[in-house]
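A.B. asks: Coordinates for the following, if possible.
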Amino acid sequence: MKPISVDDLAGRLGRWSAGRGSLYLLLAARLRELIDEGLLPSGTVLPPDRALAAGLAVGRTTVIAAYDLLRQEGRLTRRRGSGTWVSPGGGAAAAREETANPMFVNLLEPPDGVLQFACAGPLEAPRRLVEAHRRALDLVGGADLGYHPSGHPALRAALAARYRELGVPTTAGEILVTTGAQQALALLTRALVRPGDEVLVEAPTYPGALDLFREVGAVVRADDDLAGALARRRPALVYAMPAFRNPTGTSLSPLARARLARSAGDVPLVFDEALAELDLTGAPAAPPTPGAITVGSLSKVVWGGLRVGWVRADAALVARLARFKAVHDLGSAVLDQVAAVELLADFAAVRAERVEALRRQHDHLCARLRAELPEWEFTPAEGGQTLWVRLPGADAASYAQVALRHGVAVLPGGSLDPTGRSADRLRLPFTAEPPVIGAAVAALATAWRVFAAESTRRPLVPSLSV
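C.D. replies: Presented below is the predicted three-dimensional model:
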């Protein structure tokens, strides 16, 4: 029998407590779904009552009642001294692989009145994009099948020109257009990483990349000094966000980027620059680092629904990635790509509008946190779209469960840090308008007071009993 950790189970449970009714019934209902859908297979050992109660920030009686209800239904077996597990026949024989990452789980859950603070990205399609899409309808036509696995030629040419403007000689053959930066990372992972390979990352880092590396069976190693780590080990891949890293908003200096590229040598170095254009001071983006494989995106500068990303790499790797992409989707949406060409032609204005909005929203979030949650610790971001907040003396994953019950979904730091050092951290986006941010912080403050009061009654050491 295989046990499941509290953190993994909490991730699979998702927004289980956001509905109406008694908490034990809501918890039992979500566990029942996981069992019936095969996501908790027969023989899975569930966490002890006290441990799960602490992880979900509920009373132990809530977990006991939910477990007992499922035991009466035959889905769970409970035995004093042995624990609780999914009964034979109570779940599918083998679990399907499915992400338990809270960021993705919150995207998959349907809207239900919960303020979405677990994901970061522009929340509204800008007028420029709507107009560009309308004109794209007139531009697409003629003798064009519409399948472009490597990307529409006009967009590949426009992106190559953009890199040349930034000082990096680039041809269209060195650009692969993808369905967002997430697909770009997925294709690179498939091409460059095998089961058992080591991948070197920063900590904390973008959780979507961590899920991709784990999905292929890679061993993820994190180090605060990637260049120094490369002197001691030779991983299959190095992944970094050199500009306004998700979630901290910090950046590597040009000197540090160059040092990392030198240290990598022939090890593939992937620089995720999806946030590189979001400098809150308005300064231009730093030139891309020669020798690094670059991943970019318009989703953070324009709108999350504009699924246009890309890879800049040598032509041989681009051709290989295009073959992988062709098998999966035959090519990204042409209308989006043609609209992206127009947006890139006026990119300075597009970027300025986005940065101005982010700066205003960032300052509002910082002000509301200082006013309503003065004990929370954070450093204002240099750029990007998230704050990295420390909850003094608190487990952020448990607090996130209380916040959810107060109508706000937040992303705890554990899902972004493979070292386990960020259990007291939250990632908070400043991508919503000030009224939404104000409402979210007010709800987070209420949840914090409830959490703090409950923490004084919660046992410090989980019991090993069932």
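A.B. asks: how about the strands of the stretch 301-450 of the chain, start to end?
C.D. replies: 309-312, 386-390, 408-412, 425-429 (DSSP state E, counting those that start in this stretch).
A.B. asks: mean pLDDT lowest for which of these?
C.D. replies: For those, mean pLDDT drops lowest on strand 408-412, to a mean of 93.
A.B. asks: so how far is that one off the chain centroid?
C.D. replies: Going by C-alpha atoms, centre = their mean, to the nearest Å, the spacing between the C-alpha centre of strand 408-412 and its chain's C-alpha centre is 12 Å.
A.B. asks: can you redo the strands of the stretch 301-450 of the chain as JSON lines with mean neighbour count and distance to residue 437?
C.D. replies: Every residue, glycine included, has its C-beta placed from N, CA and C. As requested, the strands of the stretch 301-450 of the chain are exported to JSON lines (neighbours: other C-beta atoms under 10 Å; distance: least, C-beta to C-beta, whole Å):
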{"stretch": "strand 309-312", "mean neighbour count": "26", "distance to residue 437": "27"}
{"stretch": "strand 386-390", "mean neighbour count": "22", "distance to residue 437": "11"}
{"stretch": "strand 408-412", "mean neighbour count": "25", "distance to residue 437": "11"}
{"stretch": "strand 425-429", "mean neighbour count": "26", "distance to residue 437": "9"}
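A.B. asks: which one of the ones you listed lies closest to residue 348?
C.D. replies: Of all the strands of the stretch 301-450 of the chain, strand 309-312 sits nearest to residue 348, with 18.8 Å by C-beta to C-beta.
A.B. asks: Could you list the paired strands of the closest one along with their orientation?
C.D. replies: Taking DSSP bridges as the criterion, strand 309-312 forms sheet pairs with strand 175-178 (antiparallel), strand 293-297 (antiparallel).
A.B. asks: Downstream of the first one, the next helix or strand is which one?
C.D. replies: Right, the one you point to is strand 175-178. Once strand 175-178 ends, the next helix or strand along the chain (criterion: DSSP states H and E) is helix 180-192.
A.B. asks: returning to that earlier point: looking at the strands paired with strand 309-312, which is closest to residue 198?
C.D. replies: strand 293-297 (17.3 Å).
A.B. asks: Okay, now the unreliable bits of the stretch 251-400 of the chain?
C.D. replies: Of all residues in the stretch 251-400 of the chain, none has pLDDT under 70.
A.B. asks: and the nearest residue to residue 76 once chain neighbours are set aside, what helix or strand is that in?
C.D. replies: Leaving out its chain neighbours, the residue that sits closest to residue 76 by C-beta to C-beta, 6 or more residues apart in numbering is residue 70, at 4.3 Å. Using DSSP H and E, residue 70 sits within helix 60-72.
A.B. asks: any residues touching that helix, and which ones?
C.D. replies: 23-25, 27-28, 31-32, 35, 46, 49-50, 52-53, 56, 76-78, 84, 466 (C-beta atoms under 8 Å, 6 or more residues apart in numbering).
A.B. asks: For that helix, list the C-alpha coordinates in PDB.
C.D. replies: C-alpha atoms of helix 60-72 as PDB (Å, rounded to 0.1, in the frame of the first residue of the first chain):
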ATOM      1  CA  ARG A  60     -10.100  16.600  13.800                       C
ATOM      2  CA  THR A  61     -13.700  15.700  14.200                       C
ATOM      3  CA  THR A  62     -14.300  17.000  10.600                       C
ATOM      4  CA  VAL A  63     -11.800  14.500   9.200                       C
ATOM      5  CA  ILE A  64     -13.000  11.700  11.400                       C
ATOM      6  CA  ALA A  65     -16.600  12.200  10.300                       C
ATOM      7  CA  ALA A  66     -15.700  12.300   6.600                       C
ATOM      8  CA  TYR A  67     -13.500   9.200   6.900                       C
ATOM      9  CA  ASP A  68     -16.300   7.400   8.800                       C
ATOM     10  CA  LEU A  69     -18.900   8.300   6.300                       C
ATOM     11  CA  LEU A  70     -16.800   6.900   3.500                       C
ATOM     12  CA  ARG A  71     -16.000   3.800   5.600                       C
ATOM     13  CA  GLN A  72     -19.800   3.200   5.900                       C
END
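A.B. asks: Could you give me the buried positions within it?
C.D. replies: 60, 62, 63, 64, 65, 66, 67, 69, 70 (16 or more other C-beta atoms under 10 Å).
A.B. asks: likewise stretch 149-156?
C.D. replies: 149, 150, 151, 152, 154, 155, 156.
A.B. asks: pretty sure the third one is in a strand, no?
C.D. replies: No: assigned with DSSP: H, G, I helix; E, B strand; the rest coil, residue 151 falls outside any strand and is coil.
A.B. asks: any idea how far it lies from residue 203?
C.D. replies: For residue 151, the distance to residue 203 (C-beta to C-beta, to the nearest Å) stands at 33 Å.
A.B. asks: circling back: quick one: pLDDT of the residue nearest to residue 76?
C.D. replies: For residue 70, pLDDT reads 92.
A.B. asks: cool, and the one 4 residues further on?
C.D. replies: Looking at residue 74, its pLDDT reads 87.
A.B. asks: and the gap between it and residue 157?
C.D. replies: From residue 74 over to residue 157 the distance is 62 Å, taken as C-beta to C-beta.
A.B. asks: Tell me which of these two has more neighbours.
C.D. replies: More crowded of residue 74 and residue 157, by other C-beta atoms under 10 Å: residue 157, with 15 against 11.
A.B. asks: got the angle between the host helix or strand of the more buried one and strand 293-297?
C.D. replies: Assigned by DSSP H and E, residue 157 belongs to helix 153-165. Relative orientation of helix 153-165 versus strand 293-297 (axes from the mean of the first three to the mean of the last three C-alpha atoms, to 10 degrees): 120 degrees.
A.B. asks: Which strands or helices does the longest helix anywhere in the chain pack on?
C.D. replies: Taking DSSP state H as the criterion, the chain has its longest helix at helix 347-372. Contact partners of helix 347-372 among helices and strands, from 3 or more C-beta pairs under 8 Å, 6 or more residues apart in numbering; DSSP states H and E: helix 127-139, strand 386-390, helix 434-455.
A.B. asks: Show me what counts as buried in it.
C.D. replies: For helix 347-372, a neighbour-count test (16+ other C-beta under 10 Å) marks 347, 350-351, 354-355, 357-359, 361-362, 364-366, 368-369 as buried.
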